[in-house]
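> generate coordinates for the sequence data below:
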Amino acid sequence: MKKMDKMRKLISFKSTLLILILSLISGCTLLKSPPRAKMIILIGIDGMGTDGFQVARTPQLNALVQDGALSLKARGVMPTVSAPIWGSILTGAGPEQHGITSNSWLRDNYSIEATSKDSEGFFPSIFTIIREQMPKAKTAIIYDWDGLGNIFNHKYLDLVELTKGYKETIKKAISYIIEEKPQFIFLYIGHPDEVGHESGYGSKEYYTAIENVDRELSGLVQELKKRMIYEEAHIIVLADHGGLDFGHGGESMHEIEVPWMITGPGVIKNRMIEQPINLWDTASTIAYLSGLKQPGEWLGRPVLGAFEANREEAGKNWRRYLPKPGSSVKSGLYTEPKELSFTVDAEGVEIRYTMDGSEPNPSSLLYKKPVILDKSATIAAKSMKENMESAKSVIRFTRILGIKNVFLKSKASSRYPSRGALSLVDGLRGTSNHRDGKWMGFEGNDLEATIDFGKSRDIRKVTIGFIKAEKSWIFLPRSIEFSVSENGKSFRTVGLTLKNEMKRLAGEGVNNIPKEFKGLRARYLKVKATNIGLCPEGHPGAGEKAWLFADEIIIE
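Sure thing, here's the model as predicted:
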């Protein structure tokens with residue numbers, strides 16, 4: 001019995017010792033948590049996708065990356081439009097939880113009920129928990145898009161100010177930071193997105209817009225350094241979405257994937273974050289830095305891999321950032337040869353490229369001078385320096401022979417633009433899925449395309465590809481009219497295909513409607529496919545606009 005008692009006491013002593021050791025280890029872990037943030041500055045740049053950030057010359061943003069950590073694969077939410085995404089960034093949850101599903105969302109005008117709301121109808125945001133758990137801390141938002149002000153409860157902030165543009169936003173932010181020293185301030189900048197819609201994402205004007213914002217942000221950082229605030233502050237810079245052509249809101253990596261960077265005390269330096277990041281993790285990271293408990297309604301998690309204290313996660317992040325090459329030629333359809341040149345926003349790097357789309361490596365072609373593109377090719381390029389490589393730039397150059405240009409009288413829907421007017425003659429056929437990116441859709445409008453061959457040529461047969469999917473409101477045209485011209489101004493009609501004739505040739509799905517000609521020669525060919533206008537009686541969408549979809553005009 002005595003031996004048994006001694007054994008029990010020994011086991012009890014060891015158990016107590018083990019608990020003490022685990023407690024000490026836990027205590028050490030807590031001591032190694034990131035320093036509690038004295039100030040957090042969130043800078044949101046609307047529309048700055050990963051391509052825009054890497055290609056534009058952004059010395060200030062690049063300097064922040066040198067002082068901190070960067071991900072080029074932060075994931076937004078669906079739909080890829082501003083209000084739902086900024087709502088997710090500020091509330092640590094997705095549209096399914098906070099209920100913000102469009103830019104027109106209002107607290108009393110919505111489709112999806114929020115899973116949790118305060119007395120005034122708002123889902124809990126980062127501003128909410130700062131005010132509740134740090135009642136003396138100051139918070140602010142300075143922004144230049146009025147729609148942003150609808151998605152959070154203003155009563156939890158000390159300052160909510162709408163400005164007339166990004167320069168005023170940054171100027172006012174500098175003054176407020178210096179004078180009030182807020183715990184958290186959010187600067188929203190909408191300029192790149194506005195230019196993307198006007199001039200196109202990936203356009204020269206778009207990159208310039210990002211560069212102009214970077215220049216103004218340099219003034220902010222210099223003031224922070226001058227006032228000895230920079231070394232103590234945590235700065236997070238991110239975007240909500242990227243874009244394609246002149247818009248966003250679709251389902252593509254160009255739209256949903258954005259840069260996310262952080263700098264400040266306890267943040268790893270000059271490293272790429274390998275762990276997955278969702279934009280709603282931003283609010284959780286701000287709460288983590290502020291020592292706050294996040295609400296149970298939130299889905300977000302702190303980006304632990306960005307902090308030195310979390311050695312296991314941070315240790316996986318060893319890669320450094322190099323901007324990828326920018327190119328003088330964008331992916332697209334071309335009727336003439338183009339000169340391709342590369343530039344990169346970094347010193348002492350070389351650019352390696354391939355002409356077949358394969359992955360560039362240190363043995364690939366070294367870029368020294370512009371390359372003439374005179375036939376279709378897929379060009380892939382990377383910046384390289386020592387043991388570092390950038391993300392890959394890809395240019396899909398498609399050369400169309402025998403055609404000078406294609407003009408559309410009415411633009412296709414922004415939802416189904418294919419690759420522009422030239423995609424009607426690029427030789428790429430659509431599938432039975434009208435969302436495959438190869439179909440050009442017209443809602444209630446006619447397809448009227450004028451093809452310029454550059455010189456007169458024989459025209460023996462014209463075949464047009466349409467899709468019939470009446471359950472999706474997509475109908476064949478009422479008629480197809482063909483006309484030709486030598487000067488591009490005076491046209492004469494040479495053929496007409498009516499609905500009854502099409503019915504004999506067509507069925508559900510993809511349809512190729514042919515028209516043959518004899519002894520026809522012309523420089524210009526005009527094809528007008530007349531939309532039926534409205535869905536007919538008896539159809540579930542009766543009275544609503546009908547769709548007309550075409551993928552290709554084949555001339556023989």
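> check the offset of the host helix or strand of residue 483 from the chain's centre.
In the assignment (DSSP states H and E), residue 483 maps to strand 479-485. Here strand 479-485 is found 40 Å from its chain centre; the criterion is Cα atoms, centre = their mean, to the nearest Å.
> cool, and stretch 338-355?
With Cα atoms, centre = their mean as the basis, the mean position of stretch 338-355 lies at 23 Å from the chain mean.
> name the residues that touch it?
54-59, 62, 322-329, 360-367, 370-373, 377-385, 390, 393, 395, 397 (Cβ atoms under 8 Å, 6 or more residues apart in numbering). Bear in mind the C-beta positions are built from the backbone N, C-alpha and C, glycine included.
> what of stretch 371-383?
322-325, 327, 329, 334, 337-342, 344, 346, 349-360, 367, 389-399.
> quick one on the thing from earlier: which neighbouring elements make contact with the strand holding residue 483?
Strand 479-485 sits against strand 492-498, strand 509-516, strand 521-530, with contacts defined as 3 or more Cβ pairs under 8 Å, 6 or more residues apart in numbering; DSSP states H and E.
> hmm, 7 Å instead?
Packing partners of strand 479-485 (3 or more Cβ pairs under 7 Å, 6 or more residues apart in numbering; DSSP states H and E): strand 492-498, strand 521-530.
> so what are the domain limits for the chain?
39-314, 326-399, 405-555 (automatic domain parsing).
> need the winner for burial among the ones you listed.
Among the domains of the chain, domain 39-314 has the highest mean neighbour count (mean count of other Cβ atoms under 10 Å), at a mean of 20.
> okay, how far is it across that domain, tip to tip?
22 Å (Cα to Cα, to the nearest Å).
> what of stretch 155-170?
23 Å.
> who's in contact with it?
127-128, 131, 138-144, 146, 149, 154, 172, 176, 187, 189, 191, 213, 216-217, 219-220 (Cβ atoms under 7 Å, 6 or more residues apart in numbering).
> hmm, 8 Å instead?
Looking at stretch 155-170 with Cβ under 8 Å, 6+ apart, the contacting residues turn out to be 120, 125, 127-128, 130-131, 138-144, 146, 149, 154, 172, 176, 180, 182, 187-191, 212-213, 216-217, 219-220.
> who touches residue 145 in this structure?
With Cβ under 8 Å, 6+ apart, residue 145 has these contacts: 46, 82, 188, 190.
> ok, it to residue 86 distance?
For residue 145, the distance to residue 86 equals 9 Å [Cβ to Cβ, to the nearest Å].
> now for those two: what residues contact both?
residue 188.
> against residue 475, how distant is residue 239?
Taken as Cβ to Cβ, the span from residue 239 to residue 475 is 39 Å.
> need the max-distance pair from the contacts of residue 145.
Distance extremes for the contacts of residue 145: the farthest pair is 82 and 188 at 9.6 Å, using Cβ to Cβ.
> quickly list what's touching both of those two.
Listed contacts common to residue 82 and residue 188 are 46, 145, 148; contacts here mean Cβ under 8 Å, 6+ apart.
> closest to residue 497 among the residues you listed?
residue 46 (46.4 Å).
> okay then, goodbye and thanks.
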